[in-house]
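Peer 1: Please work out how this folds:
(one chain, ligands or ions: 1)
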Amino acid sequence: MIFIIILIIIKNEIKMSEEKVIVANKGLVRADFAFWVGQYLDKFYDGLENKKIMGNKCPKCGDVFVPPRKICGKCNVVIPLDENWVDLPETGTLMNFTITPYRINDRTSRKAKDWTIGMIQIDGSNTSVVYRLLNMEPEDIKIGMKVKIEWNEKTKGDPSDIKGFLKV
Ligand SMILES: [Zn+2]
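Peer 2: Okay, here's the model as predicted:
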């Protein structure tokens with residue numbers, strides 16, 4: 001909207017005078033966008049909206065994926081969309097972690113307070129998800145420790161439905 005208004009002003013100025021008008025405009029442009037995540041992730045996000053973790057299982061090797069996948073990377077087998085879904089618990093194991101001022105899903109501030117980000121393998125799955133570790137001091141964090149999902153009160157059916165993970 002702001003851009004459209006500026007363009008109209010520039011056009012009018014060009015029309016009014018015979019001289020060329022050069023306008024420099026510094027600022028941020030907000031660009032909201034939406035995209036289709038595909039049928040597998042769509043089903044997974046529907047689960048998150050209901051505070052449920054759903055994975056899918058390779059029919060050949062039995063690996064369970066969170067988030068779900070269409071094709072098993074190991075076997076190259078297509079996992080049918082309407083089969084092999086597995087309900088998983090809210091608990092998992094911390095596989096690795098890092099402490100960083102960088103935001104994983106937000107570019108607003110890179111000089112803010114440190115966040116602790118963990119790779120968590122949900123119990124019953126063979127893959128890891130990346131989320132914040134909440135209410136933990138660095139000295140409390142141990143690879144292999146058990147953690148549990150902290151849900152956002154209001155869910156929207158997207159990755160932000162999981163606020164992070166707490167120590168069990
Ligand atoms: Zn497989």
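Peer 1: Every contact and neighbour count from this point should use C-alpha atoms.
Peer 2: Fine.
Peer 1: So for stretch 75-85, what gets flagged as buried?
Peer 2: I79, P80, W85 (16 or more other CA atoms under 10 Å).
Peer 1: contacts for stretch 44-58?
Peer 2: Applying CA atoms under 8 Å, 6 or more residues apart in numbering, the contact partners of stretch 44-58 are 63-69, 72, 77-79, 84-90, 125, 151, 155-159, 161-162.
Peer 1: Could you check that stretch and say which residues are buried?
Peer 2: Buried positions in stretch 44-58, judged by neighbour count with 16+ other CA under 10 Å: 44-49, 51-58.
Peer 1: So which residues on this structure come close to the ion?
Peer 2: By CA under 5 Å from the ion, the residues of the chain that approach the ion are C58, K60, C61, C72, C75.
Peer 1: Among the buried residues of stretch 44-58, which one lies nearest to I120?
Peer 2: I53 (13.0 Å; CA to CA).
Peer 1: I'd like to know the phi and psi angles of that closest one, please.
Peer 2: Dihedral pair for I53: phi -100, psi 120, per degrees, to the nearest 10.
Peer 1: Figure out the helix or strand that the residue of the chain most remote from its centre lives in.
Peer 2: Residue farthest from the centre of the chain, counting by CA atoms, centre = their mean, is E18 at 51.6 Å. Of the helices and strands defined by DSSP states H and E, none includes E18.
Peer 1: swap in K43?
Peer 2: helix 39-49.
Peer 1: Now do that helix: distance to the chain's middle.
Peer 2: Centroid displacement of helix 39-49 relative to its chain, using CA atoms, centre = their mean, to the nearest Å, is 13 Å.
Peer 1: Tell me the first helix or strand C-terminal of that helix.
Peer 2: strand 53-57.
Peer 1: Strand partners (parallel or antiparallel) of that following strand?
Peer 2: Partners of strand 53-57 in the sheet, by DSSP bridges, are strand 64-65 (antiparallel), strand 85-88 (antiparallel).
Peer 1: how much does it deviate in direction from helix 39-49?
Peer 2: Taking axes from the mean of the first three to the mean of the last three CA atoms, to 10 degrees, one finds strand 53-57 and helix 39-49 inclined to each other by 150 degrees.
Peer 1: Much appreciated, bye for now.
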